[in-house]
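K.L.:
predicted structure and sequence below. I'll ask about it afterward.
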Amino acid sequence: METVQFRQVIAVAFLLVGHTAFPQEKLPQLGHAPVSEIIKLMTLKEKASIVAGTGMRFQGHGAVIGEADGRVPGAAGNTMSITRFGIPGTVLSDGPAGVRIDPFRKGDSTKSYYATAWPVGTLLASSWDTALVKKVGVGFGNEIKEYGIDVILAPGMNIQRNLLNGRNFEYFSEDPYVSGYMAAAMVNGIQSNGVGTSIKHFAANNQESNRNAVNAIISERALRELYLRSFEIAVKRSQPTTVMSSYNKINGTYTSESNDLLTKILREEWGFKGMVMTDWFGGKDPVAQMKAGNDLLEPGTPWQQQAIIDAVKNGTLDVKVLDQNVERVLLYILKTPSFRKYQYSNTPDLKSHATLSRNAAADGMVLLKNDNSALPLTKNQKVALFGIGCYKPVIGGTGSGAVVVAYTVALEKGLSQIGYVPDTALKTIYVSQIKADLKTHPEKNMVLGSPHLVPEPELRATDINSAADHDDIGIFTIRRNAGEGADRKVEDFYLSEAEKTQLKAVGDAFHAKGKKIIVVLNIGGAIEMESWSKNVDAILLAWQPGLEAGNAIADVLSGGVDPSGKLATTFPVKYEDEPSAKSFPGTPANRPAESIYDEGIYVGYRYFNTFSVKTSYPFGYGLSYTKFTYSNLKLSAVAFSKKMTVTVTVTNTGKVVGKEVVQLYLSAPHKTLDKPSEELKGFGKTRLLQPGASQTLTFTIDPKNLASFNTEKSSWIADAGKYTVKIGASSEDIRMTKSFALAKTLIVEKDHKAIVPQVTIKELKN
Ligand code: BGC
C-alpha cells in the first residue's frame, strides 16, 4: 500500500515537472513492474514514440525520427527504446519466403548474412501438409532468432482472389480454409522459437494496383466467409504475436483506421490478444489508427508522433486509448528475444535449413500431366534442357517477399549431380545469354513491380534438332515472376508468341524422333495451359521453390520423391473465366480508386464448380507416380449434433511409395441463402505409403463448418436439412460421398454488424 501511495505521489510530481524529477534508479522497469505503472510515468512524447516505429530513411516521407538501431541492417523496421524504463528496441524484418536482410555489413568484410529462401507460400500450400509447413516454420524461426530479429513480417495470407495479383506467390490459396490452416501451421512453427510473427495483410489486400488507396467494396458475407475467415482461423489456431493491417480501404475505411475490423472483429469476436501494426506508411490518420486499435505505426514518422501528441492535448484522442495502444506494444516487447537479451549467433544452421527447404519444395510440386508415364525419368538419361529457367531458376517473387541468398541450385546442376547428363551445347547457349544479360541488368536486392527476367535466346533449328538427335528426352522450362508493387498483366497469363513457337519447335523435334518432352513450370501463379499442354508428355508445376530449386525439381523428375502436391488455386482455361476478370483490379483501370468484388463468395472453385465452368486444372488437383483408392467412408452419426467425425481409408494401389492429399468438401442445403455447390471443410495428407499400404484419415466437422454468414442477422447460420460430405482427390474428382441431417436450424454465432458497404453490390448469385 505504501509503495502504491509513494508511486502515486512520485507520478504526480513527475507529471508536474517532467521526467527529470524522478529518481532514475527508482523508475519501474519493464518486466519488473506492471506495464500500467510504466505507462503512468511515461511522458506523452514517450508514448507517441512507442506507438510509432523508429522511422526509415526513405525519400518523400520526411525525416527519420529515431535512428533505426542498426542492429540488423536490411531489416524493415524497429520499435523505439526507452532506456529509463528498461524498454529495449525491437527488430522487425521481412518476409514470408525467408529472412530478408542485407547479406553484408559496412566495415565487416569477413562475414556474410545470407538467409534461406524457403519455397513460396503458394508452393507450401500445395503440399497440403500442415505438419510440413510447421516444420519449415520451426527452421525459419530459428533463422529469425539467430539473426537477431524479434518479429518476422510473415506469413502473407491474403486470398488469391484473382490470378493476376502480383503478390499471389506470397499467399497460400484461393480458399480460406487452406490459407488459415497453412498460416496457423507456419505461425506455430516460427513462434515455437520464441520469436514473433505478423500475419498480413489484414485484410482484403488482394491486388497491388493502387494498393495504398484502393477501396475494396465487399459484401459482409464475402468478407466473413472468405477474406476474414482465413485470418480468423489463423488467429484462433495460433495466436500470432502481431497482425499487420493492410494498405487498402474496405467499404470506405482504411483497414488500419477501422475499429470494426481491428477491435470489434479481431479482438472482441476472435479473441486476438496481440498487437496490430500498420503496413509500411499505411493509412492516413494516426489518431484514427490509434482509436481503431492499430497500436504500432511503421516505420513511424515525426508528423505521426506530433499528430498523436496534439490530439491528446486538444482532447480529440483520449489518453486512455493511447495508453491501451502503448500497453499492447509493451506487452509485445516483453515477449521478444530483444527483451530477454538473447545472444543471437548470426550463424544459423543454413545447411540443415537448405535441406529442409529442398524437401518442402519437392513436397509441394504438382504433377499436372504425365501421359504414358513419361515421368519419372529413366536413370542416367541424356537430358536436353531448354529455357533459361533450367540454368537460372526463379526461386521466389520480388519485393519484400524476396530473400537474398548465397546461392541457388539450377535444374541443370540438380540433375547432373544425380547422374543425368545435360546437353552441353545447349548449356553453352543459355549460360552465355545469362552472362550477357547480367551486364545490362545487374542483380538487385529489392526490386518492386514487374521484375526483369533474362530473355530467352532464340534457338536455331539446328540446335534443337541436334539435341533431339543426341539426347534421350527434352525438358522445357517456362518462367514467370511478379512481386510487390504491380499486378501481373493479362499477357503474363498467356504464353508469348516466342514461347509458343519455341515450345512447339522443341516438342515437334523430340516427338519426330519418338522422344518425349517434359515441361517444368517455374511460376508464382496460374498461366494458360489449354493451348499447349496437349503437345507435351508431362508437366511438372515446380512453382518458385526457394534456393534449392534445382535439387528439389530433380528429386521429383527422377522419382526420388513421388509428387504429392495438389493445386490450392485453380488454373482456368482462359483469363476471362476468372470470376473477377471484369472487376479486377477496379476502376479507373490505370489507378483503381475502387474495386467492387461483385463475384461475392464465388471465388476460385466455389465459382468454377457451382457454375460448371470448365478449368484446365481444378482446385485440389495433382497426379502422382502411384495410384490411390479410397474406401470405407464413415460418419460418426447420421444426424449432426455438436460435431461430426469422418473417417476414410486410403490405399496405395500403385507400384511406388507415395503420399496422398485427401479433401473433404461439404454441400449444404440452400434454404435461406444461395450456396456454392461445395466448399472445402477439411483436408489431410497420408504418410508415405508403401505399395499396398493403407491409412485411415480422420476429419472433424464443427458447427461453423456447416454455417454460412447471414447478413441480415449478422450471424453464422446452419440451415436444417441434408448435408453431403464429399471426399475428393480434387474438387472435381469426388471419390466417395455420404450424407447426414441437421434436424434444426442452428445459429452458430452472432457477430457485430461491421464493415458494412455503403453501396449496393450487384453480387453474382447461383
Ligand atoms: C509490404 C509489407 C512489408 C513491408 C515492410 C510493405 O511494402 O507491403 O508486406 O512487410 O513493406 O517491408
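P.N.:
All right, it came through fine.
K.L.:
contacts and neighbour counts: CA atoms only from here.
P.N.:
Fine.
K.L.:
tell me the pLDDT of the nearest residue to residue 601 once chain neighbours are set aside.
P.N.:
In space, and not counting its chain neighbours, residue 601 is closest to residue 222: 4.9 Å by CA to CA, 6 or more residues apart in numbering. Note on residue 222: pLDDT of 98.
K.L.:
residue 222 is in what secondary structure piece?
P.N.:
For residue 222, the host element (DSSP states H and E) is helix 220-222.
K.L.:
and the protein, which residues reach the ligand?
P.N.:
Residues of the chain found near the ligand (CA under 6 Å from any ligand atom) are 76, 94, 153, 279, 280, 400.
K.L.:
okay, now the unreliable bits of the stretch 651-766 of the chain?
P.N.:
For the stretch 651-766 of the chain, no stretch is flagged by pLDDT under 70.
K.L.:
residue of it closest to the ligand, please.
P.N.:
Relative to the ligand, the nearest point of the stretch 651-766 of the chain is residue 755 (22.1 Å; CA to the nearest ligand atom).
K.L.:
possible to save the residues of the chain next to the ligand as JSON lines with distance to residue 321?
P.N.:
Output for the residues of the chain next to the ligand, formatted as JSON lines (distance: CA to CA, whole Å):
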{"residue": "76", "distance to residue 321": "27"}
{"residue": "94", "distance to residue 321": "29"}
{"residue": "153", "distance to residue 321": "25"}
{"residue": "279", "distance to residue 321": "21"}
{"residue": "280", "distance to residue 321": "22"}
{"residue": "400", "distance to residue 321": "32"}
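K.L.:
could you give the number of residues near the residue nearest to residue 601?
P.N.:
Other residues lying near residue 222 total 22 when counted by other CA atoms under 10 Å.
K.L.:
correct me, but the residue of the stretch 651-766 of the chain closest to the ligand touches residue 250?
P.N.:
Yes: using CA atoms under 8 Å, residue 755 makes contact with residue 250 at a distance of 7.3 Å.
K.L.:
the two: which has the busier surroundings?
P.N.:
For residue 755 and residue 250, the more surrounded residue by other CA under 10 Å is residue 250, and the numbers stand at 27 against 21.
K.L.:
assign a three-state SS to the nearest residue to that one once chain neighbours are set aside, would you?
P.N.:
Closest residue to residue 250 apart from its sequence neighbours, by CA to CA, 6+ apart: residue 216 at 4.8 Å. Using DSSP: H, G, I helix; E, B strand; the rest coil, the secondary structure recorded for residue 216 is strand.
K.L.:
bridging residues for residue 216?
P.N.:
residue 250, residue 595 (DSSP bridges).
K.L.:
which non-adjacent residue is nearest the residue most central in space within the chain?
P.N.:
Among the residues of the chain, the one closest to the centroid is residue 171, at 2.7 Å (CA atoms, centre = their mean). Computed as CA to CA, 6+ apart, the closest residue to residue 171 that is not its neighbour in sequence is residue 157, at 4.7 Å.
K.L.:
how about the one you found, what does it touch?
P.N.:
Going by CA atoms under 8 Å, 6 or more residues apart in numbering, residue 157 touches 170, 171, 172, 179, 180, 183, 199, 200, 201, 230, 231.
K.L.:
need the contact list for residue 282.
P.N.:
212, 246, 247, 256, 298.
K.L.:
just name the closest of those residues to residue 457, please.
P.N.:
residue 212 (37.6 Å; CA to CA).
K.L.:
what's the neighbour count on that closest one?
P.N.:
Using other CA under 10 Å: residue 212 sits among 21 other residues.
K.L.:
surely it and residue 250 touch.
P.N.:
No: the pair residue 212 / residue 250 is not scored as a contact, 11.7 Å apart, by CA under 8 Å.
K.L.:
list the contacts for the closest residue to residue 269 other than its chain neighbours?
P.N.:
Leaving out its chain neighbours, the residue that sits closest to residue 269 by CA to CA, 6+ apart is residue 751, at 7.1 Å. Applying CA under 8 Å, 6+ apart, we find residue 751 in contact with 269, 714, 715, 716.
K.L.:
closest one to residue 587 out of those residues, please.
P.N.:
Nearest to residue 587 among these, counting by CA to CA, is residue 714 at 29.4 Å.
K.L.:
that older thread, is it true that the residue nearest to residue 601 touches residue 600?
P.N.:
Yes: counting by CA under 8 Å, residue 600 is a contact partner of residue 222 at 5.4 Å.
K.L.:
returning to that earlier point: chain center to the helix holding residue 222: distance?
P.N.:
22 Å (CA atoms, centre = their mean, to the nearest Å).
K.L.:
hmm, residue 240 is touching residue 274, no?
P.N.:
Yes: the pair residue 240 and residue 274 qualifies as a contact (CA under 8 Å) at a distance of 7.2 Å.
K.L.:
next one, pLDDT for whichever residue of the stretch 201-350 of the chain sits closest to the ligand please.
P.N.:
In the stretch 201-350 of the chain, the residue that lies nearest the ligand is residue 280 (4.9 Å; CA to the nearest ligand atom). pLDDT, residue 280: 96.
K.L.:
numbering from 619 from now on, please.
P.N.:
Understood, numbering begins at 619; the last thing we discussed is residue 898.
K.L.:
contact partners for it?
P.N.:
Residue 898 makes contact with 915, 916, 917, according to CA under 8 Å, 6+ apart.
K.L.:
for the second one, what are its contacts?
P.N.:
Meaning residue 916. Contact analysis of residue 916 by CA under 8 Å, 6+ apart lists 670, 671, 672, 673, 695, 895, 896, 897, 898, 899, 900.
K.L.:
if we use 7 Å, what do you get?
P.N.:
Going by CA atoms under 7 Å, 6 or more residues apart in numbering, residue 916 touches 670, 671, 695, 895, 896, 897, 898, 899.
K.L.:
kindly report the same for residue 719.
P.N.:
Shown in contact with residue 719 (CA under 7 Å, 6+ apart): 691, 692, 693.
K.L.:
tell me, how many residues neighbour the closest residue to residue 1049 other than its chain neighbours?
P.N.:
Leaving aside its sequence neighbours, residue 1049 sits nearest to residue 1009 (CA to CA, 6+ apart; 7.1 Å). Using other CA under 10 Å, the number of residues around residue 1009 comes to 21.
K.L.:
what residues are up against residue 1009?
P.N.:
By CA under 7 Å, 6+ apart, the contact list for residue 1009 reads 1028, 1029, 1030.
K.L.:
okay, these in CSV with neighbour count, secondary structure and pLDDT next?
P.N.:
Formatted as CSV, these follow (neighbours: other CA atoms under 10 Å; DSSP: H, G, I helix; E, B strand; the rest coil; pLDDT from 0 to 100):
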residue, neighbour count, secondary structure, pLDDT
1028, 24, coil, 98
1029, 26, helix, 98
1030, 24, helix, 98
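K.L.:
any chance of these in JSON lines, plus distance to residue 1001?
P.N.:
Listed next are those as JSON lines, based on distance: CA to CA, whole Å:
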{"residue": "1028", "distance to residue 1001": "14"}
{"residue": "1029", "distance to residue 1001": "11"}
{"residue": "1030", "distance to residue 1001": "9"}
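K.L.:
tell me the one among these nearest to residue 1211.
P.N.:
Distance to residue 1211 across the contacts of residue 1009 (CA to CA) is lowest for residue 1028, with 41.5 Å.
K.L.:
tell me the secondary structure at the nearest residue to the closest one once chain neighbours are set aside.
P.N.:
Spatial nearest neighbour of residue 1028, excluding adjacent residues (CA to CA, 6+ apart): residue 1168 at 4.3 Å. Of the three states, residue 1168 takes helix under three-state DSSP.
K.L.:
right, and residue 1168 touches residue 1027 too?
P.N.:
Yes: with contact defined as CA atoms under 7 Å, residue 1168 reaches residue 1027; the gap is 4.9 Å.
K.L.:
the closest residue to residue 1001 other than its chain neighbours: what's it in contact with?
P.N.:
Nearest residue to residue 1001 in three dimensions, chain neighbours excluded: residue 1040, at 4.8 Å (CA to CA, 6+ apart). Residues near residue 1040 by CA under 7 Å, 6+ apart: 1000, 1001, 1002, 1003, 1030, 1034.
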